[in-house]
Structures are given as C-alpha cells and as structure tokens.
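# Turn this into a model:
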Amino acid sequence: MEKEGTVAEKRAKSFDFQSTLKNTFKTLTNVFKHPATKAIEDVKKFDDPKTVGIFAGFSIAIYLIISILASIIQTIFTRKYEYSFTNSGLKTKANFENLKNFDFLKVLGDNFVAIVGVIFIVSIVVYVLALVFKKQPNFSRLISITTIGYAPLIAGGLLAIILNYFSVPLAIAVIIASLTLSISYMISANNKEIKLEGDKLIFFHVAAITIFALVTYFISTQILKGILSGIFSI
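Numbering: from 1, shown residues only. Next up is the predicted model:
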C-alpha cells in the first residue's frame, strides 16, 4: 500500500500545471505565427489519448475564458443609432448594470457544448473520411489538429467584437480572416497526417472543405451569432 501511495504521489508531483499551461499557449499561438511549420509539427507530440486529453482540456478552458469575456463585453457595451439635430450617429455606451441579467452558467454551458461539439464532430468526420480513403490516422492527433485550428476562431471572435465598436468592415474582415486561417490550417495538417496523394488528395480536400464549410456555418450561426447579429444590425 505504501508503494502504491508513493507512486501516486510521484505522478501527482510530476504534473507541472504552470509548464503545461505555458506549453499549451505556445502550441496555440504557433497557429498564428507558424501555421504551416511549427503548428503542424506540434501535432506529432499528441499521439496518445492522455497527452491530447490534457492539451485539449487546457485549450478548451482557455477558449471558454475568452468566449465568456467576449460575451461580457457585448453585455456591457451597446451600440445604437441615436438621432439628434446636432450629432446623429452610432453611439457606444457602457452600462455595467446589464451584467445583472448576465446568465453566466448558460453562457458557459452553451459555449462548452459548442466548442467541444465542433472539435469532436470535425475530428470524427475527418477520421471516417480517412477510413473511406483506406487510411488509418491517429485519432488523438486529429483531435489535437482541430483543437489547435479552433484558436483563430476564438481569438478572431473576441477581436471582432472589440473592433465592431470602431469599424464594422474591419470586424467583418477579422472574422473572414480567422475562419480562413482555421480552415487552411486544419486542411493542411490533416493532409499531412493522412498522407494522401494524386486524385485521392483532391477528392479528400473536396469532401473536407465541404464539411468544414458546414461546420463553419454552424459556428457562424451559433458561436459567432452574437457578433454577426451585432454587426449586421447596424
């Protein structure tokens, strides 16, 4: 019993929370700085369920914090067109009283389901597609690819919300750019993992892009719903 307890204690002590969080941030930021090199190379270290589970857990926690922050900003700051004889136009106002009606648990739950759902749906579909093309990729690495590819969507969504109060066209441009980066990275990374060539490569990309487009539509109408409605309602 003492030996088992000692082993358990060593395992607990061997887990470095700060180092793991730092490495997670580093991996997620690589998709912005080096999407075709380091971000794809990072996937190689996620070859087992435990490793990718820890990484995905930390990443999802970061995504949730950012998504909640984005929702809080939208709740506090409102932008409406006001008419006056001297100074008509869009006015941005901050009202912290709006936070009284902010349903934290609902926002947390909705974003958690959406984020985790998209990550697993995309990964499973890509895995099934690979099997159809007679390839058997590492599912853990597919999960890590989708998790990393989600970073631009979350960061772009927050930035678009902030920019929306200053420039609507710029906010829309950020949304388009973040979606493009996410899709481009996931296609490139999955292609390297699955290793298809010739006609199969083209057909795989057609199927993958179609699926990513459908998932993007889901993201646009669910996760980014508040952002887009805020932009296009002006």
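
# Isn't Ile145 up against Asn191?
No: in terms of CB atoms under 8 Å, Ile145 does not count as a neighbour of Asn191; the distance is 10.2 Å. Backbone N, C-alpha and C define where each C-beta goes, glycine included.

# the more surrounded of those two?
Using other CB atoms under 10 Å, the more surrounded residue of Ile145 and Asn191 is Ile145, with 29 against 16.

# got the contact list for that one?
Going by CB atoms under 8 Å, 6 or more residues apart in numbering, Ile145 touches 43, 123, 185-186, 189-190, 193.

# Need the three-state assignment for it.
Here Ile145 is recorded as helix under DSSP: H, G, I helix; E, B strand; the rest coil.

# Can you get me a residue count around the closest residue to it other than its chain neighbours?
Closest residue in space to Ile145, ignoring its immediate chain neighbours: Ala189 at 4.4 Å, by CB to CB, 6 or more residues apart in numbering. Ala189 has 26 neighbours, counted by other CB under 10 Å.

# What separation do you get for Ala189 and Ala94?
40 Å (CB to CB, to the nearest Å).

# rewinding a little: what residues sit buried inside the helix or strand in which the residue nearest to Ile145 is found?
Here Ala189, judged by DSSP states H and E, is contained in helix 168-194. Buried residues in helix 168-194, counted by 16 or more other CB atoms under 10 Å: 168, 171-172, 174-175, 178-179, 181-194.

# Tell me the secondary structure of the residue lying closest to Lys195 once chain neighbours are set aside, please.
Of all residues beyond its chain neighbours, the one nearest Lys195 is Lys135 (7.0 Å), with distances taken as CB to CB, 6+ apart. Following three-state DSSP, we place Lys135 in the coil state.
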